[in-house]
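Asker: dropping a prediction and its sequence here:
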Amino acid sequence: MLAAASICAGLTACSGAPARPAPPAPGPVTSAPLSLRCSDSAGQQGQGSQVVTGGVEGLVLPGSADPAALYPIGGSRYLIYKAFLAVSAAAVPFATVRVTRPASARLVYGSSSRMGALFSARSGQALLAASRTAVRLPVCGPRFTGFTGGVLLTGPACVTFTVSSPSRQAARVTVPIGLAAC
């Protein structure tokens, strides 16, 4: 009797179409941006040769369209594109970088030591938990202030960022990350 029940249960379970696992969603999205402090910065630097969007340099980098620039996070279905951001003194007192789309994309930034600890965690869950849809970068001196971090994605995507600051007009940019073009 037990064998017959097991066979019936097995046939019922296998009779539907195979389920496709959905990529796990990042942790709950908080509406508050990840707010960094000057002590989280990698220091002051001059402006590089990168595009400055809304007072922030580093969102548009050569090579972001290369799928090889996406690094898998500890066996999960997430990838990270490492992007060093630097905020201009002209954005005083801070600039906020927000992911507008895709909805699944997140930002994760912090001090070099914090980012090192997050990257070294095996599962990648710490990176996901620390991620947000926005990050607030403080201006910490007369030059560009740099911050370590990146963009978490479930796969290659065209990512749209909005950069705002109390002292500058908001700017928007769409970047192909792991794709040839947007």
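Answerer: Perfect, thanks for sending it. Residues are numbered from 1 along each chain as shown.

Asker: okay, and for the protein, where does confidence drop off?
Answerer: 1-31, 74-76 (pLDDT under 70).

Asker: so which residue is smack in the middle of it?
Answerer: Val151 (2.2 Å; Cα atoms, centre = their mean).

Asker: any idea how far it is from Ser112?
Answerer: According to Cβ to Cβ, to the nearest Å, Val151 and Ser112 sit 17 Å apart. (Each C-beta comes from the backbone N, C-alpha and C, glycine too.)

Asker: with Arg101 instead?
Answerer: Using Cβ to Cβ, we find Arg101 at a distance of 29 Å from Ser112.

Asker: go on, Tyr81?
Answerer: 18 Å.

Asker: looking at the two, which is more packed in?
Answerer: Neighbours were tallied for Tyr81 and for Ser112 using other Cβ atoms under 10 Å; the higher tally belongs to Tyr81 (22 against 15).

Asker: ok, what's across the strand from the more buried one?
Answerer: Residues in a beta bridge with Tyr81, per DSSP bridges, are Leu70, Val151.

Asker: show me the contacts for it.
Answerer: The contact partners of Tyr81, by Cβ atoms under 8 Å, 6 or more residues apart in numbering, come to Ser64, Ala69, Leu70, Tyr71, Gly150, Val151, Leu153, Ile177, Gly178.

Asker: could you redo the last one with a cut-off of 7 Å?
Answerer: Going by Cβ atoms under 7 Å, 6 or more residues apart in numbering, Tyr81 touches Ser64, Ala69, Leu70, Gly150, Val151, Leu153, Ile177.
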